[in-house]
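[1] for reference, the sequence and a predicted model appear below.
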Amino acid sequence: MTSAQITITRPDDWHLHLRDGEALAAVAPMTARQFARAIVMPNLKPAITTVKQAVAYVDRIIAAVGDSDFEPLMTLYLSDETTAEEIERAHKSCFIKAVKLYPAGATTHSAEGVTDIRRCDKALAAMQECGMPLLVHGEVTDPGVDIFDREKVFIDRVLLPLINRFPDLKIVFEHITTRDAVNFVLEADSTIAATITAHHLLYNRNSMFERGIRPHMYCLPVLKRETHRLALAHAAISGNKKFFLGSDSAPHAQSAKETGCGCAGIFSAHAAIELYTSFFDAMNALDKLEAFASFHGPDFYDLPRNLGEITLDKIDWTVPQSYPLGNGETLIPLLAGETLHWKCRTPDDR
């Protein structure tokens, strides 16, 4: 390892949106270029709520990445109707690795989400029994709660009562954004972990309003104050095995972002590992990148660490202004038109 080059065990993305159809074909190869595996979110339309639907979706993903050795790790979408029997089928399938909790209305395609977590107790009990993790979008949807406080309130209203009822349930608190979430994870048992996105590590809420409203910096959970970003930064570089990489890359058409009521989501799959590497470099913590990106996630999921490696070179390159998304739509990536200082070698370069 030198300051101009870094080689690490091939990483995984433990929180990824791939969508479907032409959008899937457009974005999936970007992830496969960098990552060996990814936990794929189930919030399609219709949502992936059954093993049968997950089987069909994984086939479409594999077709989209072509001859790549990329392995999609599938999830089911938790709803008020999810049964213990479906959880048991998912566990026996071996390729479904987790179940995703979206509070109803919390984010994109979450209308079919959970209205009251207690309605899911039978499914949660089955998950605790078989060791299947629950992945949580940790925000309440109560309109009376300020959007910047929804993560903290979720901890108090939902997470703490949940772990009291199911103390052995494995939980991944996804895309955490606050010092409150960092402290919760640090103080919790070893059954609780968290993913952190590159954009929440690199930016605070001011980034949404630089020289005007910037819709491509709008995501949920929303970017927070600088004090919270710093708490995430220190957690990521701490070496603590409870924190690991989850990009939450979420492709939306430019037309759906630049509109009167734009979609929430930041697309980062075009340069996910480069963005994380840039952050760790800026923190003088490149020696901590490999564990965060390549070790902590599989260890928590009880999966083997990858055997391959990737190499990143410290080379300036310009992020394209846009990418095609299919159906005549375009996709605006994070840092569109700007310079990144790290570049992951393509498979042909390895």
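    Happy to help now that I have it.
[2] in the stretch 201-350 of the chain, which spans are helices?
    Using DSSP state H, counting those that start in this stretch, the helices of the stretch 201-350 of the chain run over residues 226-236, 254-257, 272-282, 289-290, 296-300.
[3] the stretch 51-200 of the chain too?
    Under DSSP H, counting those that start in this stretch, the stretch 51-200 of the chain gives helices at 51-64, 84-93, 121-130, 150-154, 160-165, 179-187, 198-202.
[4] per-residue confidence at Arg350?
    Confidence at Arg350, expressed as pLDDT, is 46.
[5] which among the helices of the stretch 201-350 of the chain is found nearest to Ala4?
    Ranking the helices of the stretch 201-350 of the chain by proximity to Ala4 (Cβ to Cβ) places helix 272-282 first, at 11.1 Å. C-beta here means a position set from N, CA and C on the backbone, and glycine is covered the same way.
[6] do you know which of the helices of the stretch 51-200 of the chain lies nearest Ala285?
    Using Cβ to Cβ, the nearest of the helices of the stretch 51-200 of the chain to Ala285 is helix 198-202, at 11.2 Å.
[7] ok so, going back, so can I have TSV of the helices of the stretch 51-200 of the chain showing mean pLDDT?
    Formatted as TSV, the helices of the stretch 51-200 of the chain follow (pLDDT from 0 to 100):
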stretch	mean pLDDT
helix 51-64	98
helix 84-93	98
helix 121-130	97
helix 150-154	97
helix 160-165	97
helix 179-187	98
helix 198-202	98
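[8] want to try CSV for those, with distance to Arg10 and mean neighbour count as columns?
    As requested, the helices of the stretch 51-200 of the chain are arranged in CSV below (distance: least, Cβ to Cβ, whole Å; neighbours: other Cβ atoms under 10 Å):
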stretch, distance to Arg10, mean neighbour count
helix 51-64, 18, 16
helix 84-93, 24, 18
helix 121-130, 28, 19
helix 150-154, 31, 22
helix 160-165, 32, 14
helix 179-187, 25, 19
helix 198-202, 17, 23
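[9] looking at the helices of the stretch 201-350 of the chain, which is nearest to Ala90?
    For Ala90, the closest of the helices of the stretch 201-350 of the chain is helix 296-300, at 18.0 Å, according to Cβ to Cβ.
[10] any stretches of the chain with poor pLDDT?
    1-3, 104-111, 347-350 (pLDDT under 70).
[11] distance between stretch 212-221 and the chain's centre?
    17 Å (Cα atoms, centre = their mean, to the nearest Å).
[12] pull out the buried positions in that stretch.
    Across stretch 212-221, burial judged by 16 or more other Cβ atoms under 10 Å covers Pro215, His216, Met217, Tyr218, Cys219, Leu220, Pro221.
[13] got a list of what the fifth one touches?
    If I follow you right, that is Cys219. For Cys219, the contacting residues are His199, Asp248, Ala250, Ala264, Gly265, Ile266, by Cβ atoms under 8 Å, 6 or more residues apart in numbering.
[14] possible to save those residues as CSV with distance to Thr75?
    Formatted as CSV, these follow (distance: Cβ to Cβ, whole Å):
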residue, distance to Thr75
His199, 21
Asp248, 13
Ala250, 15
Ala264, 19
Gly265, 17
Ile266, 20
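[15] which of those has the most neighbours?
    Sorting these by how many neighbours each has (other Cβ atoms under 10 Å) puts Asp248 first, at 29 neighbours.
[16] what's that residue sitting at in phi/psi?
    Backbone torsions for Asp248, taken as degrees, to the nearest 10, come to phi 50, psi 30.
[17] for it, give its distance to His199.
    8 Å (Cβ to Cβ, to the nearest Å).
[18] ok, Leu24 - contacts?
    Leu18, Arg60, Ile61, Ala64.
[19] in those residues, find the pair that's most separated.
    Maximum distance among those (Cβ to Cβ): 9.0 Å, for Leu18 and Arg60.
[20] which neighbours do Asp248 and His199 share?
    Shared contacts of Asp248 and His199 (Cβ under 8 Å, 6+ apart): Cys219, Ile266, Ser268.
[21] the second one: what's it in contact with?
    With contact set as Cβ under 8 Å, 6+ apart, Ile266 has these partners: Thr197, His199, His216, Met217, Tyr218, Cys219, Asp248, Ser249, Ala250, Leu334.
[22] straight-line length of stretch 34-48, end to end?
    One end of stretch 34-48 to the other measures 25 Å (Cα to Cα, to the nearest Å).
[23] excluding its backbone neighbours, what's nearest Leu202?
    Nearest residue to Leu202, sequence neighbours excluded (Cβ to Cβ, 6 or more residues apart in numbering): Phe279, at 5.6 Å.
[24] CA-only coordinates of stretch 230-249 in PDB, if you can.
    Below are the C-alpha coordinates for stretch 230-249, written out as PDB (Å, rounded to 0.1, in the frame of the first residue of the first chain):
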ATOM      1  CA  LEU A 230     -18.500  14.100  12.500                       C
ATOM      2  CA  ALA A 231     -20.000  11.500  14.800                       C
ATOM      3  CA  LEU A 232     -20.500   9.200  11.700                       C
ATOM      4  CA  ALA A 233     -17.000   9.900  10.500                       C
ATOM      5  CA  HIS A 234     -15.400   8.900  13.800                       C
ATOM      6  CA  ALA A 235     -17.600   5.700  14.000                       C
ATOM      7  CA  ALA A 236     -16.500   4.700  10.400                       C
ATOM      8  CA  ILE A 237     -12.800   5.100  11.100                       C
ATOM      9  CA  SER A 238     -12.900   3.700  14.600                       C
ATOM     10  CA  GLY A 239     -12.300   0.100  13.600                       C
ATOM     11  CA  ASN A 240     -15.400  -0.900  15.500                       C
ATOM     12  CA  LYS A 241     -16.900  -4.000  13.800                       C
ATOM     13  CA  LYS A 242     -20.500  -2.800  14.300                       C
ATOM     14  CA  PHE A 243     -20.100  -0.200  11.500                       C
ATOM     15  CA  PHE A 244     -19.800  -1.200   7.800                       C
ATOM     16  CA  LEU A 245     -20.300   0.000   4.300                       C
ATOM     17  CA  GLY A 246     -23.800   0.400   2.900                       C
ATOM     18  CA  SER A 247     -24.100   2.900   0.000                       C
ATOM     19  CA  ASP A 248     -27.900   3.200  -0.200                       C
ATOM     20  CA  SER A 249     -27.300   4.100  -3.800                       C
END
